[in-house]
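K.L.:
take a look and give me a structure for this.
(chains A, B, C and D)
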Protein chains: 4
Amino acid sequence: MSVHVGVIGVGMIGQDHIRRLTKVLSGAEVVAVSDVDLSQAERVAKELSGARVFATGEELIASKSVDAVVVTSWGLTHATYVLAAIAAGKPVFCEKPLATTQGDCSRVIDAEVAHGRRLVQVGFMRRFDAHYVALKATITSGAIGAPLIFNSAHRNPSVPASYTSEMALVDTAVHDIDTARFLLDDEPVAVSVKSPRRNSRGGALSDPLFTLMEMRGGALVTIETSVNIAYGYDIRGEIVGETGVASLAESNPIIVKSASTFSGRVPMDWKERFGRAFDVEVQAWLIAAARGEVTGPSAWDGYVATVVTDAGVRAIQSGERVPVTLREQPALYRAS
Amino acid sequence: MSVHVGVIGVGMIGQDHIRRLTKVLSGAEVVAVSDVDLSQAERVAKELSGARVFATGEELIASKSVDAVVVTSWGLTHATYVLAAIAAGKPVFCEKPLATTQGDCSRVIDAEVAHGRRLVQVGFMRRFDAHYVALKATITSGAIGAPLIFNSAHRNPSVPASYTSEMALVDTAVHDIDTARFLLDDEPVAVSVKSPRRNSRGGALSDPLFTLMEMRGGALVTIETSVNIAYGYDIRGEIVGETGVASLAESNPIIVKSASTFSGRVPMDWKERFGRAFDVEVQAWLIAAARGEVTGPSAWDGYVATVVTDAGVRAIQSGERVPVTLREQPALYRAS
Amino acid sequence: MSVHVGVIGVGMIGQDHIRRLTKVLSGAEVVAVSDVDLSQAERVAKELSGARVFATGEELIASKSVDAVVVTSWGLTHATYVLAAIAAGKPVFCEKPLATTQGDCSRVIDAEVAHGRRLVQVGFMRRFDAHYVALKATITSGAIGAPLIFNSAHRNPSVPASYTSEMALVDTAVHDIDTARFLLDDEPVAVSVKSPRRNSRGGALSDPLFTLMEMRGGALVTIETSVNIAYGYDIRGEIVGETGVASLAESNPIIVKSASTFSGRVPMDWKERFGRAFDVEVQAWLIAAARGEVTGPSAWDGYVATVVTDAGVRAIQSGERVPVTLREQPALYRAS
Amino acid sequence: MSVHVGVIGVGMIGQDHIRRLTKVLSGAEVVAVSDVDLSQAERVAKELSGARVFATGEELIASKSVDAVVVTSWGLTHATYVLAAIAAGKPVFCEKPLATTQGDCSRVIDAEVAHGRRLVQVGFMRRFDAHYVALKATITSGAIGAPLIFNSAHRNPSVPASYTSEMALVDTAVHDIDTARFLLDDEPVAVSVKSPRRNSRGGALSDPLFTLMEMRGGALVTIETSVNIAYGYDIRGEIVGETGVASLAESNPIIVKSASTFSGRVPMDWKERFGRAFDVEVQAWLIAAARGEVTGPSAWDGYVATVVTDAGVRAIQSGERVPVTLREQPALYRAS
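P.N.:
Numbering: from 1, shown residues only, chains lettered A, B, ... in the order given. Got it, this is the predicted structure:
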């Protein structure tokens, strides 16, 4: 009764999902792979006894042997494969971004709405992280009153020289943006970006970035994106409510006392911090896919993320507050 | 390539392991069940399409369809099934206790030694808990110097009226005892038990118990067993070394500020605290079993646990320090 | 060898300083008081055997019996008394604000510069708080690299109906502003203010306020001012540096585990949080005054605070980013 | 209206109290000093304009210029001076020990009882430490139920070669013993001592020591004394109650994130950890002394401490559990 999964794009992230599907989680079999680099696909398939190599993602999606599709190819190709999966009526897990343009995101939405049921889950794994899930539950419980401010910070030790300020928004802050929507259950109306004094470790890169996102209901979201901060991969989140505050705790397993300090470990990369969230995310998708349903972050979430990061990029360039305008939300995505 | 598992004893714990094997972990198929209550076995099997019901554990073990065995029956029957599994040359995961008498534990050891390779893993799940694993790694790293004292505390909210002081040692402190051996990499030489003022919530029960265990190398282990402490299921551990101290951190996902306090959650039961450790424990067993190996806590560990809790029970009764005498450790279990 | 202190204004704050000078600290004698309400001054003097009542602050300052002056009268009168103290060549401790207008602050600066030595200490007690002192020391040590962002938050349980958004800046955020200058060792160049969704507990008040202050060197300061947040008087501060982060720790003396949580106390008012800092602040002033010196927060610090809060008030009104323009800093205040 | 204090013994501790009385606290004047080393007394007096040097402690106590006495001489001389102070009817603050023998402690008690009012405060400063005060208040509040176990640990970085195992009890664990009595509001009935594996940093010294103290009401006290633990001067305390647990929090002012850890400072010596408690302790004594009262830790507390440490020393020597037998408590010391 396993879900027969086909994986499109078997680079580092694709291989990590294959490892997860075959060695960590319950209920999946990876039966098909494809990659723009055919020999790479063949190497990966060889280690998966029984997995078939397809020349193209489209053929993989069309194959009767494939129940559900994981898209971990290059971002620019995501929309094409997701649209094909929808056309084939197959559940698809697409790593972010859903698509690199608002237009493509919208086309996915239109296709899914036309199909009439959700098929797409976008890879916003933070929604499956135990810390964020507890934060959301506390907000919902009313324990801290209505949320007024969400302070979110993404910090990682370093980035390659090729990393740009646009990527700080599109690849990095996009997670904070989605998390804000998830926690506040609200949509953005405007974005502005400040560039504080540059971290000398990042050369000419505008690092850190400080993004302000205003929500429809008035809540304010602040997003610090620090990508050369050396000390750790440290994801912070704090909700300021009307009567209390809730924030992500540290995740250290032990406290060590030594040399005049007590200390706990801060993670050093995303695998250490979010490895388990990725497992839970994909397991949730598999369970739903086995029932022919998809319930995680939706194409709508992918669409909004792209609209907001687009606005953010314009805000960097102009130095101004940029309004965020969203299409009307289809009923399919409401009250999910 | 799944491991075909047979489960002997499908009460609450057996069913929880079946859930784990079929819905959480990778690489297992539950193909056989048995239980002293046949109708219970049939009910459980019905939900596992394909699982066969055996009238006895022995028949289940003998079946060719079964690659590996999980023993979650009544404690008194463990030794019989484990010995049968060894006789059949099949990997066996046995929930603690390995056996209820030293004699039976020793028989298991003899059988396994005679077989020449390890087949038995005993259910000391704390060794797979991320917090304890980090504690062990810190000791091994030398960061706090040689360990001199280990303070261990097991606290849980309440116990049923049937719970006895002997159970506080045999069922509860047994985990602290095994953890001490794991962390200190040493064996006990004596045990004494103090009964402080009784918790009025526990009626006539000697609760808390305070056990002192002395190790060969001189390290001292203190074990608090508080089983009616209301506030939570709180497992504490602290290693005092020559130059530093390391202790288990809290496991709360968030911090909430409200009503003049900041606070984090303390778990309320073993599932919340150790659910993940059980997953990791059984996954490790499956991975090893698929290779025909067993690497987790051994029959030796099960044997020592029984010897020490026996000594502890005598220490309660006599009020004296009771020496712990162990048989010679077979080479099979050294440097595991 | 005690410093003979005269206190101008013996309302709640004045009386608290008198208690401090007479019952907590070493080296002071309160020999003179005055108040706009003469009978109040007499009541207070009666409890201070030997203290003389003066009809006006000016007379008190002029008295030969008075070595040093504490100004805790109504804010509008501060400048007058501070100028009189400078004219008399006497050390003066002035509660914030130094003066309510930039012009008056500037006049104090001019007078002190003309006098040639510092005589004025302004009541920014956070600079004497052990937590902030440690934060400053860590920045200076280089342990977290150059500071890029300072996140500061003032939260208190509630305010009276008379409290206005302007007061959120002038009376409350003024401490965060001074602290930012102290920690970053830099001056502001611009201020903008966001008004997130209003806390329903504060009626029509713009609460919280979110102030952004840009510093000359490029560091960004964020200031949350939440004055109806119920849960506590909670002062937060976090410096984001190039290689690390440092933040104020909680100040709870104990951790209590109860009812499924571990928790620590959050202070409920400024006395609980900053009572000790006030003691240290005034003791430092006394020690310096006894040597004829003044070393704490200066008239310059008081001046900048007023300029920035003026800009902040305009930023609230206009919704725009308002530049901060400072007069040239006299040499007297450099490298203090 | 200052209290005129005479200080007997002006070595390191005496000088520290003189600094406290003259430069930190309110309401004291040091008017007299004496020391077995007369030239030392003269050096110290010279810095205290107006302080008179006495050839002997007895003469100092007898002087009309002296209102109250601080005894910080060599421990063997304490009883003599305290008895003289009682004979003179003057409040006396005596650093621990009150006396080095039970007989001398008893003589002090008899003298004070004969005098009819309390005059003696013994230097158990932990009772004035904000952390312990909060711990006591939480126990009293009933928030964690009746206390069943108190785990106390004293850890310091290193001791000189002259330090002995007896000193570990008499000079070090004596504070834990007094704290236990304070927190539990109960008296000891027996003591036993375990010597775990020795810390190699302490040579032949039995370090750590692990002392078990049983209280009348049945509560168990565990005392770890680690005096070569390198990492810090770390005082731990945890009360295990019927429904909850309360423990001393860390005292770090800030949290620093750097190099893959978050960390807070652990104090490195007693001044850093208890400096403030010493101030509060002596201020309390001064306030009471000015009213002719003494309210802090009493001669009874000093007596019990000596009885228990005597028993502890015998327990080390014998390896046995040693009963603690106390004289009847005079009414003067009840319900203090």
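
K.L.:
secondary structure element for A:Q283?
P.N.:
Per DSSP states H and E, A:Q283 falls inside helix A:270-290.

K.L.:
kindly report the same for A:V69.
P.N.:
Going by DSSP H and E, A:V69 is part of strand A:68-71.

K.L.:
try A:I239
P.N.:
strand A:234-241.

K.L.:
ok, now which ones touch A:K90?
P.N.:
Counting by C-beta atoms under 8 Å, 6 or more residues apart in numbering or on different chains, A:K90 touches A:61, A:66-69, A:119. (C-beta placed from N, C-alpha, C; glycine too.)

K.L.:
how many neighbours does A:H175 have?
P.N.:
23 (other C-beta atoms under 10 Å in any protein chain shown).

K.L.:
residues contacting it?
P.N.:
A:96, A:124, A:126, A:154.

K.L.:
average pLDDT for the helix or strand that contains it, rounded please.
P.N.:
Element membership for A:H175, per DSSP H and E: helix A:174-184. Here helix A:174-184 scores 98 as its mean pLDDT.

K.L.:
equivalent analysis for stretch A:52-70, please.
P.N.:
The pLDDT scores in stretch A:52-70 average 98.

K.L.:
for stretch A:97-107, measure first residue to last.
P.N.:
Terminal residues of stretch A:97-107 are spaced 14 Å apart (C-alpha to C-alpha, to the nearest Å).

K.L.:
could you do stretch A:138-155 as well?
P.N.:
24 Å.

K.L.:
ok, and does that stretch reach over to chain C?
P.N.:
Yes - against chain C, stretch A:138-155 shows contacts by C-beta under 8 Å from any C-beta of the partner chain at A:144-146, A:148-149, A:151, A:153, A:155.

K.L.:
for that stretch, which positions count as buried?
P.N.:
By neighbour count on 16 or more other C-beta atoms under 10 Å in any protein chain shown, the buried set for stretch A:138-155 is A:138-139, A:143-155.

K.L.:
okay, and which of the contacts of A:H175 map to strands?
P.N.:
A:H154 (DSSP state E).

K.L.:
from the contacts of A:H175, which is closest to chain D?
P.N.:
Nearest to chain D among these: A:H154, at 14.1 Å, using C-beta to the nearest C-beta.

K.L.:
which pLDDT value goes with the closest one?
P.N.:
A:H154 is given a pLDDT of 98.

K.L.:
that one and A:T225 touch, don't they?
P.N.:
Yes - using C-beta atoms under 8 Å, A:H154 is in contact with A:T225, at 5.3 Å.

K.L.:
now for the two: what residues contact both?
P.N.:
A:172-173, A:176.

K.L.:
emit the PyMOL select command for whichever of the residues you listed are buried.
P.N.:
This is how PyMOL selects the buried members of the shared contacts of A:H154 and A:T225, with burial counted by 16+ other C-beta under 10 Å:
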select buried, chain A and resi 172+173+176
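
K.L.:
CSV please, covering the shared contacts of A:H154 and A:T225 and showing distance to chain B.
P.N.:
What follows is those, written out as CSV (distance: C-beta to the nearest C-beta, whole Å):
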residue, distance to chain B
A:T172, 22
A:A173, 22
A:D176, 17
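
K.L.:
what angle separates the helix holding A:H175 from strand A:234-241?
P.N.:
Angle of helix A:174-184 versus strand A:234-241, following axes from the mean of the first three to the mean of the last three C-alpha atoms, to 10 degrees, is 30 degrees.

K.L.:
what lines up beside the strand holding A:I239 in the sheet?
P.N.:
strand A:147-155 (antiparallel), strand A:245-248 (antiparallel) (DSSP bridges).

K.L.:
of all those strands, which one comes closest to C:S206?
P.N.:
Taking C-beta to C-beta, strand A:147-155 is the member of those nearest to C:S206, at 11.5 Å.

K.L.:
could you point out which element follows the closest one?
P.N.:
helix A:165-167.

K.L.:
pLDDT of that next one, averaged?
P.N.:
On average, helix A:165-167 scores 94.

K.L.:
need the residues that contact the lowest-mean-pLDDT helix or strand in chain A.
P.N.:
Taking mean pLDDT, DSSP states H and E as the measure, chain A has helix A:165-167 as its least confident helix or strand, at a mean of 94. The contact list for helix A:165-167, computed with C-beta under 8 Å, 6+ apart, reads A:195, A:205-207, A:209, A:313, A:316.

K.L.:
so which bits of it are buried?
P.N.:
Buried-residue list, helix A:165-167, by 16+ other C-beta under 10 Å: A:165, A:167.

K.L.:
how about the residues of chain A that lie near chain C?
P.N.:
Going by C-beta under 8 Å from any C-beta, the residues of chain A near chain C are A:144-146, A:148-149, A:151, A:153, A:155, A:194, A:196-201, A:208, A:210, A:212, A:214-215, A:217-220, A:222, A:224, A:226, A:228-231, A:234, A:240-245.

K.L.:
what do you get if the cut-off is 6 Å, keeping everything else the same?
P.N.:
A:148-149, A:194, A:196-197, A:199, A:201, A:208, A:210, A:217-220, A:230-231, A:242-244 (C-beta under 6 Å from any C-beta of the partner chain).

K.L.:
one step back: okay, the helix or strand following the helix holding A:Q283 in PDB with CA atoms only?
P.N.:
In the C-terminal direction, the helix or strand that comes right after helix A:270-290 (DSSP H and E) is helix A:299-318. C-alpha atoms of helix A:299-318 as PDB (Å, rounded to 0.1, in the frame of the first residue of the first chain):
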ATOM      1  CA  ALA A 299      -0.400  26.800  -4.200                       C
ATOM      2  CA  TRP A 300      -2.000  29.900  -2.800                       C
ATOM      3  CA  ASP A 301       0.700  30.100  -0.100                       C
ATOM      4  CA  GLY A 302       3.300  29.700  -2.900                       C
ATOM      5  CA  TYR A 303       1.600  32.400  -4.900                       C
ATOM      6  CA  VAL A 304       1.500  34.900  -2.000                       C
ATOM      7  CA  ALA A 305       5.200  34.200  -1.200                       C
ATOM      8  CA  THR A 306       6.200  35.100  -4.700                       C
ATOM      9  CA  VAL A 307       4.000  38.300  -4.800                       C
ATOM     10  CA  VAL A 308       5.500  39.400  -1.500                       C
ATOM     11  CA  THR A 309       9.100  38.700  -2.400                       C
ATOM     12  CA  ASP A 310       8.600  40.500  -5.700                       C
ATOM     13  CA  ALA A 311       7.400  43.500  -3.800                       C
ATOM     14  CA  GLY A 312      10.300  43.200  -1.400                       C
ATOM     15  CA  VAL A 313      12.800  43.200  -4.300                       C
ATOM     16  CA  ARG A 314      11.200  46.400  -5.600                       C
ATOM     17  CA  ALA A 315      11.300  47.800  -2.100                       C
ATOM     18  CA  ILE A 316      15.100  47.200  -1.900                       C
ATOM     19  CA  GLN A 317      15.500  48.900  -5.200                       C
ATOM     20  CA  SER A 318      13.300  51.900  -4.600                       C
END
